[in-house]
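Q: Just need the structure, nothing else, for what follows:
(chains A and B)
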2 protein chains.
Amino acid sequence: MSTELLVHVGPDPSPQLEQAVRDGGGTLVGAVAEAEAIVWRGSPEQLQPLLHDGIRWVQLPSAGVEHWLESGLIDTAGARRWTAATGAYGAITAEHAFALLLAGLRRLPECARASSWQGDALEGGTLFGTTVAIIGAGGIGRALIAMLEPFGVTVLAVNRSGREVPGAAEIVPFTRVGELWPRADAVVLCAPATAETHHLLDAAALAALPAHAWVVNVARGSLVDTDALVRAFADGAIAGAALDVTDPEPLPADHPLWREPRALITPHTANPAGPLRIALAERVRENVARLREDRELLGIVDPARGY
Amino acid sequence: MSTELLVHVGPDPSPQLEQAVRDGGGTLVGAVAEAEAIVWRGSPEQLQPLLHDGIRWVQLPSAGVEHWLESGLIDTAGARRWTAATGAYGAITAEHAFALLLAGLRRLPECARASSWQGDALEGGTLFGTTVAIIGAGGIGRALIAMLEPFGVTVLAVNRSGREVPGAAEIVPFTRVGELWPRADAVVLCAPATAETHHLLDAAALAALPAHAWVVNVARGSLVDTDALVRAFADGAIAGAALDVTDPEPLPADHPLWREPRALITPHTANPAGPLRIALAERVRENVARLREDRELLGIVDPARGY
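A: From the prediction side, this is the model:
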């Protein structure tokens, strides 16, 4: 069963979000007074005077909603639901991590820098049959696991709780991450920067990895000991590293990693603006469809929880 | 229900294939006389004197088995089944095509060539929500469709017959391929080189693609009109091209594509030797398990059909 849903997109027109509302089966209305739901890209201050009792759902554009919580506008006592874009952007970052991993295995950085045909000398490897350690099993890690599925990859996941992660063959807490290094054909870092993850990949961890292992970092530069990484390249301790984040960041122009054949640096571009807009539109489409079908919305904000 | 299966691997020892037999639940035997099944990497002439009535399955290592058919050794009158590696290697090539496509969208070739941090200037795009035209829906194309699935890609498939392709939103025959160009955010060429596919991507096709489109070729160089491609770059008619095969091949060192920022050339390395061995081992594991469970084997050779 699905019903008509009158949705206002504001404060400015957005053809992309308006199309997403239509794709989800919603009906666009120009006047907030007529709407039951609002997709809002403006501030809490702009929204406050427009809210009325008929509004039963507000979609916010960001994953973090601290300033919305501070505004006091979000009230869960009533029937109105507020949703953030929580989790909507993880897949975009995961896609970048996945692109970096495949590029490394297939030796695309070396191919890109070549100026002549080098034949078999540039033959690479494959994801098929490999074991990949995913450090941090939040939205990015979970999206990445789904992308690895067609390759029959064995996923070793590391998270704070050690709680189950769908698609992972094993889950260990951060305290036991050292057990995974010798078994990992590749390591993808996608955990928050915390005291626990600072220099998680240090000299000892890099030495424990197989010599054919690739390292991918889409989290924060502080998770890797950069000087130890430079030495690991010199020692042949790993096959390569693809980094979207560095320490220091930006990486200075005279840094040795720029000249390392098996390194690939992307300048913190895992979350490009265009793809993020696409991800938000997809979330809007999905939530419009869910509300119409009276299913649970994605990214519900809970002020008690703080997000 | 599964039963014991005695398997001989020959003519030389292969730890990788022996492990695959064990992983499939088979039992390795050193003497062919004791075996019920043979995984064979040698010639028909080497195998002939060893065959006996107790052998009910022979796995061959290649996808093409012309010389085996010519040898007359393959006889389907009896109960013995012969299997080739047909389809086992498609996924390896598809993985390369997929790596090239993601690398292009995420602008990894430009990142690889950079020697300093360029920030947002190198922001790329995403596969999410795109439409990808897959030219040739054989083993490579089908494996690629499975890899695109987590990205919600709309797949437009082109094959000779116009027959159904699992996972494709639409299928058209080669005669109607022109209809697809304006709708494709990316084109992946993985069809055989035939008169029908010669210069399939010519000046008119390149002009019909959206300016943001990426072209990936893992088929044969002849499918693309290389001179037209160079002009398409100059005209801004496409966003980029990632080519594992070229025309001429090898691409001469003075060719303009080596200097094109939005081009990525890999030197016919979509099928590296190591990954192909992994793919064969996986096929052996799967077929051993299938024979033990009395399920249909993959890649059965039919002399009447010629493959």
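Q: Please make it C-alpha for all contacts and neighbour counts, starting now.
A: Noted.
Q: burial count for residue A:127?
A: Close neighbours of residue A:127, defined as other C-alpha atoms under 10 Å in any protein chain shown, add up to 22.
Q: show me where chain A has helices.
A: Secondary structure of chain A, counting by DSSP state H: helices at A:15-23, A:44-47, A:66-71, A:90-105, A:108-113, A:139-148, A:203-208, A:226-235, A:273-292.
Q: For those, give me a markdown table that also has mean pLDDT and distance to residue B:234.
A: Output for the helices of chain A, formatted as a markdown table (pLDDT from 0 to 100; distance: least, C-alpha to C-alpha, whole Å):
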| stretch | mean pLDDT | distance to residue B:234 |
| --- | --- | --- |
| helix A:15-23 | 96 | 30 |
| helix A:44-47 | 96 | 47 |
| helix A:66-71 | 88 | 47 |
| helix A:90-105 | 97 | 26 |
| helix A:108-113 | 98 | 19 |
| helix A:139-148 | 95 | 35 |
| helix A:203-208 | 98 | 44 |
| helix A:226-235 | 98 | 38 |
| helix A:273-292 | 93 | 25 |
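Q: for chain B, what are the nearby residues on the stretch 1-150 of chain A?
A: A:92, A:95-96, A:99-100, A:102-103, A:106, A:108-120, A:122-126, A:128-129, A:146-147, A:150 (C-alpha under 8 Å from any C-alpha of the partner chain).
Q: Any chance of a ChimeraX selection covering the buried ones in the residues you listed?
A: Filtering the residues of the stretch 1-150 of chain A next to chain B down to the buried ones (16 or more other C-alpha atoms under 10 Å in any protein chain shown) takes a single ChimeraX command:
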select /A:92,95,96,99,100,102,103,106,108,109,110,111,112,113,114,115,116,117,118,122,123,124,125,126,128,129,146,147,150
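Q: can I see the domain layout of chain A?
A: Chain A breaks down into these domains under automatic domain parsing: A:6-88+A:274-292, A:91-265.
Q: now the shortest one, how far from the centre of its chain.
A: Here domain A:6-88+A:274-292 is found 21 Å from its chain centre; the criterion is C-alpha atoms, centre = their mean, to the nearest Å.
Q: Of all the domains of chain A, which one is nearest residue B:62?
A: domain A:91-265 (18.5 Å; C-alpha to C-alpha).
Q: what's near enough to touch residue A:20?
A: By C-alpha atoms under 8 Å, 6 or more residues apart in numbering or on different chains, the contact list for residue A:20 reads A:281-282, A:284-285.
Q: 10 Å instead, please
A: A:14, A:26, A:278, A:280-289 (C-alpha atoms under 10 Å, 6 or more residues apart in numbering or on different chains).
Q: Over to residue A:37?
A: Neighbouring residues of residue A:37 by C-alpha under 10 Å, 6+ apart: A:5-9, A:26, A:28-29, A:51, A:54-59, A:80-82, A:288, A:291.
Q: can you rerun that using 8 Å?
A: Here residue A:37 is in contact with A:5-8, A:55-58 (C-alpha under 8 Å, 6+ apart).
Q: Kindly report the same for residue A:100.
A: A:216, A:242, A:264, B:103, B:108.
Q: now do 6 Å
A: residue A:242 (C-alpha atoms under 6 Å, 6 or more residues apart in numbering or on different chains).
Q: now residue A:192, nearest residue through space, not along the chain?
A: residue A:219 (6.3 Å; C-alpha to C-alpha, 6 or more residues apart in numbering or on different chains).
Q: for that neighbour, phi and psi?
A: Here is the backbone geometry of residue A:219 (degrees, to the nearest 10): phi -90, psi -100.
Q: what separates it from residue B:127, distance-wise?
A: 21 Å (C-alpha to C-alpha, to the nearest Å).
Q: Residue A:9: neighbouring residues, count only.
A: 23.
Q: Next: the one 3 residues further on.
A: By the measure other C-alpha under 10 Å, the count of residues near residue A:12 is 9.
Q: Need the pLDDT of it.
A: Residue A:12 carries a pLDDT score of 94 in this model.
Q: which parts of the stretch 201-307 of chain A sit against chain B?
A: A:253, A:258, A:264, A:266-267, A:269, A:272, A:275 (C-alpha under 6 Å from any C-alpha of the partner chain).
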